[in-house]
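> Fold the following and give me the result.
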Amino acid sequence: MVGADLGVNFGVDLAVGGGRALVELRIDRPTDVATTGANAMHAARRLGFASLDARRIGIAAAELASNILNHGGGEGSVGLWLHDGDLIIEALDRGPGVPDPRMIFDGRAQREARGDHGGHGLGEGGASVRRLMDAVDATHREGGGLRVLARRKLPLR
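Next up is the predicted model:
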């Protein structure tokens, strides 16, 4: 089921033999959001995801890139990795973070900042990523910022 898990600690060290990088993109300008979404969607299609699922993965990656620009210090990176039968989107930023990173994915962070309980469109960005992917996890990075991992099981071939 899409969006089933929240705050799952994947225990994945992608950079140290934990997976194979498919795409790694630097995020530091608004056009990077669309580029990230398109790259993620195309990578997902190449991996055998159906068109709708590939679009969902593209939207999730674009949302994570947008969060880097708007809330994560204005620069960072988004990578797509293959790891143990999963497609993983990794987003890294150096923003101020939040006391509890899981707040980002259940919609509490933006609602509390606005002082309301409503949402628009897909919902708050992080919550939409949770709904579009199988699982999502966020942790604080040493030196500041967040590391977000969003996972989607590869389709059966």
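
> how about the nearest residue to Gly58, chain neighbours excluded?
Leaving out its chain neighbours, the residue that sits closest to Gly58 by CB to CB, 6 or more residues apart in numbering is Met41, at 3.1 Å. Placement of C-beta: from N, CA and C, glycine included.

> right, I mislabeled it, should have said Ser51
Ser51's closest residue in space is Arg45 (CB to CB, 6+ apart), at 7.2 Å.

> Give me the buried stretch members for the longest helix seen in the chain, please.
The residue-count maximum for a helix in the chain (DSSP state H) belongs to helix 51-71. The neighbour-count check on helix 51-71 (16 or more other CB atoms under 10 Å) flags 53-69, 71 as buried.

> Likewise for stretch 71-86?
Those would be 71-73, 75-83, 86, for stretch 71-86 by 16+ other CB under 10 Å.

> What about these, which are in helices?
His71.

> what's the closest of the buried residues of stretch 71-86 to Val98?
For these, the residue nearest Val98 by CB to CB is His71; the value is 8.7 Å.

> doesn't Arg94 make contact with that closest one?
No - taking contacts as CB atoms under 8 Å, His71 lies outside contact range of Arg94: 11.4 Å.

> Tell me where the protein is predicted with low confidence.
1-18, 106-124, 157 (pLDDT under 70).

> Do you have the strands of it handy? List them.
Secondary structure of the chain, counting by DSSP state E: strands at 5-6, 20-27, 76-83, 86-93, 135-140, 146-153.
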